[in-house]
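Colleague: quick one, what's the 3D model for this:
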Amino acid sequence: MTKFCKNCGAYISENDAFCTDCGKSTLKTCPKCREQPTVHSKFCPNCGYEIKSSRLPIIIAALAVIAIVTAIVISPITITSMQEVQVDTFSFNIPDNFEEDPASTIDENDKGTITKSKCWNDSADFIQIEVLYSKNSKIDMENVNVNMGGQAETLFGYDGYYNEFSDAYSFSFVDNNKLCTVYTSNPDLLTEIELV
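Modeller: As a prediction, the model looks like this:
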């Protein structure tokens with residue numbers, strides 16, 4: 001086994017009691033009586049105290065492995081900063097890098113049918129939230145499905161319908177007689193958005 005002098009770092013053979021470069025003893029010292037047992041002694045020949053080999057290198061190596069594994073596990077996780085946005089009575093948290101596009105805002109009342117819509121963009125994607133309701137009629141989710149189609153899903157804590165279009169993905173649900181539809185250009189955004 002290759003050893004190095006703890007004093008000067010020179011190579012020493014396993015059986016050398018002293019470093020041939022600096023003359024420092026290479027033997028362990030008994031922590032109890034300060035006697036120097038032989039190289040391979042597990043117990044002090046003077047007092048019988050158990051001479052434990054240093055576990056510091058093993059502990060340091062274990063901590064290094066834990067730090068590396070932790071860095072690998074945590075590094076892919078990115079924490080997205082969120083912003084709260086509101087359309088009519090619905091509040092959502094959307095990624096913070098999206099900016100509102102005022103030119104796309106809709107706030108209409110057409111013969112009692114109210115439509116409110118806002119859109120947010122980043123460099124590649126969009127999020128649009130639309131709320132539709134009528135003070136004169138009840139919105140039924142089954143009728144929404146007949147008119148809009150889609151696959152039954154649960155999202156944002158609501159049962160509703162998921163749709164895929166050529167340039168967008170949407171989820172529609174009804175709450176308090178209001179139809180809320182969230183449109184995105186990327187289906188993964190639907191799972192990032194949170195209803196507040």
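
Colleague: for the closest residue to residue 16 other than its chain neighbours, give me the pLDDT.
Modeller: Nearest-residue entry for residue 16: residue 26, 5.7 Å, with adjacent residues in sequence omitted and distances by Cβ to Cβ, 6 or more residues apart in numbering. For glycine as for every other residue, the C-beta is placed from the backbone atoms N, C-alpha and C. Predicted confidence (pLDDT) at residue 26: the value is 70.

Colleague: any idea how far the residue of the chain positioned farthest from its centre is from residue 67?
Modeller: Distance from the centre of the chain peaks at residue 46, with 57.1 Å (Cα atoms, centre = their mean). Distance from residue 46 to residue 67, counting by Cβ to Cβ, to the nearest Å: 41 Å.

Colleague: returning to what we had before: confirm for me that the residue nearest to residue 16 is in contact with residue 4.
Modeller: No. Contact criterion Cβ atoms under 8 Å: residue 26 and residue 4 do not qualify, at 9.5 Å.

Colleague: which residues are in contact with each of these two?
Modeller: With contacts taken as Cβ atoms under 8 Å, 6 or more residues apart in numbering, residue 26 and residue 4 have residue 12 as neighbours in common.

Colleague: just read off the phi/psi values of residue 191.
Modeller: phi -90, psi -20 (degrees, to the nearest 10).

Colleague: separation between it and residue 95?
Modeller: Computed as Cβ to Cβ, the residue 191 to residue 95 distance reads 12 Å.

Colleague: which residues of this protein score low on pLDDT?
Modeller: 1-3, 27-28, 31, 34, 36-41, 51-59, 72-80 (pLDDT under 70).

Colleague: done for today, thanks.
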